[in-house]
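>>> return a 3D structure for these sequence lines:
(one chain, ligands or ions: 1)
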Amino acid sequence: MTEADVVKGTTGGPVTQADLERDLRRLGVAEGLTVLVHTSLSRLGWIVGGGQAVLLALEAAVGSDGTLMMPAFVEGVPEPSRWRDPPVPESWWTTIREEMPPWDPAVSPTRQVGVVADILRHQPGTLQSFHPNKSFVARGPNAHTLLDGHSLDDGFGEGSPLARLCEIDGWVLLLGVGHGNNTSLHLAEYRANWPGRRTPVLLSGRLVRAGRVESVKFVDVDGTSDDFDRLGAEYERQGGAVAVGAVGRGTGRWLRMRPMVDFAVDWIEANR
Ligand SMILES: CC(C)(COP(=O)(O)OP(=O)(O)OC[C@H]1O[C@@H](n2cnc3c(N)ncnc32)[C@H](O)[C@@H]1OP(=O)(O)O)[C@@H](O)C(=O)NCCC(=O)NCCS
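The predicted model follows:
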């Protein structure tokens, strides 16, 4: 969707930061909470100040005692055989594996995480977890607890910011996106037994740590979010606690991570 499409589709005037803050509070976002946020700006109506206004509204809603976490993903250590959006010809795979510049959190861009997450990433004082493919950013009192010691192996598993968020009973906020973008469900995917779970993918590549280029090898689950929308719909249908409400001209979903992850482990084992 282009910005012109967003303007055209926004009835009743532009959305302001104050509108967003009010809507977030109505949905349940409250001071002091720790929240993993996924956004699509264009799905919230045309906003005065765009992504910056969304971030400021989120920061006001959780207050200085709250912590915001967002994805900062990019395939810094690539496995092009798994690429779907878009796939690339098999004859390119070796070149991509050999020639990918080392992942460097100071330089490497993110991919498809949205402008709000990128604004958070560049805010002074925001911390970033050290993972070439599954990095998260966070700011607030729990940022270190969430991000420190992100394991290279199983980047959404027990050594990840997702597991830390689950441990501290954190929250998930989907702004203009559905459960298909609910990354916290990947933790369930790591915890569940399902066909394919035991066939790890071996990744190798390079990254920059403390100013030096380093070669790394790690393993990961060959995961998928293809069934997350179905999983989320089933969670909501069975009465899982998800508050759904207007945020700007779009829809927000607000939920506690832990009960949904517990549900998702069982659902994945039964449905994959
Ligand atoms: C990929 C994704 C980010 C695309 O959503 P999007 O709304 O097109 O992209 P952004 O959130 O970056 O917003 C930028 C878009 O907002 C629109 N926009 C620009 N100014 C705007 C304004 N003031 N107000 C509202 N929308 C505006 C434009 O369409 C712009 O797209 P453009 O840069 O191509 O012109 C989204 O679909 C998504 O997947 N979000 C979740 C990301 C995530 O958390 N990923 C991890 C789990 S999978």
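>>> ends of stretch 105-120, what's the gap?
14 Å (C-alpha to C-alpha, to the nearest Å).
>>> do stretch 88-102 as well
Distance across stretch 88-102, first residue to last, is 20 Å (C-alpha to C-alpha).
>>> with stretch 40-56 instead?
As for stretch 40-56, its first-to-last residue distance stands at 15 Å under the measure C-alpha to C-alpha.
>>> and what of stretch 149-161?
Across its full length, stretch 149-161 reaches 9 Å between end residues, using C-alpha to C-alpha.
>>> what mean pLDDT does that stretch get?
For stretch 149-161, the per-residue pLDDT values average out at 97.
>>> contacts for that stretch next, please.
Under the criterion C-beta atoms under 8 Å, 6 or more residues apart in numbering, residues 69, 129-136, 138, 146-147, 162-163, 183, 186-187, 189-190, 216, 218-221, 223 lie in contact with stretch 149-161. C-beta coordinates here come from the backbone N, C-alpha and C atoms, glycine included.
>>> mind doing that once more with 6 Å?
Residues lying outside stretch 149-161 but in contact with it, judged by C-beta atoms under 6 Å, 6 or more residues apart in numbering, are 129-131, 133-134, 136, 146-147, 162, 186-187, 190, 218-220.
>>> out of the residues you listed, which are inside strands?
Mapping the contacts of stretch 149-161 onto strands (DSSP state E) picks out 136, 218-220.
>>> top of these by neighbour count?
Ranked by neighbour count under the definition other C-beta atoms under 10 Å, the ones in strands among the contacts of stretch 149-161 are headed by F136 with 29 neighbours.
>>> distance of it from W254?
When distance is defined by C-beta to C-beta, to the nearest Å, F136 is 19 Å away from W254.
>>> quick one: stretch 206-224 to chain centroid distance?
Stretch 206-224 sits 19 Å away from the centroid of its parent chain (C-alpha atoms, centre = their mean, to the nearest Å).
>>> span of that stretch from start to end?
Its start and end residues considered, stretch 206-224 measures 24 Å (C-alpha to C-alpha).
>>> ok, the residue lying closest to G50 once chain neighbours are set aside - how many residues close by?
Here the nearest residue to G50 in space, its sequence neighbours aside, is L41; by C-beta to C-beta, 6 or more residues apart in numbering that works out to 6.2 Å. A total of 23 residues lie near L41 under the criterion other C-beta under 10 Å.
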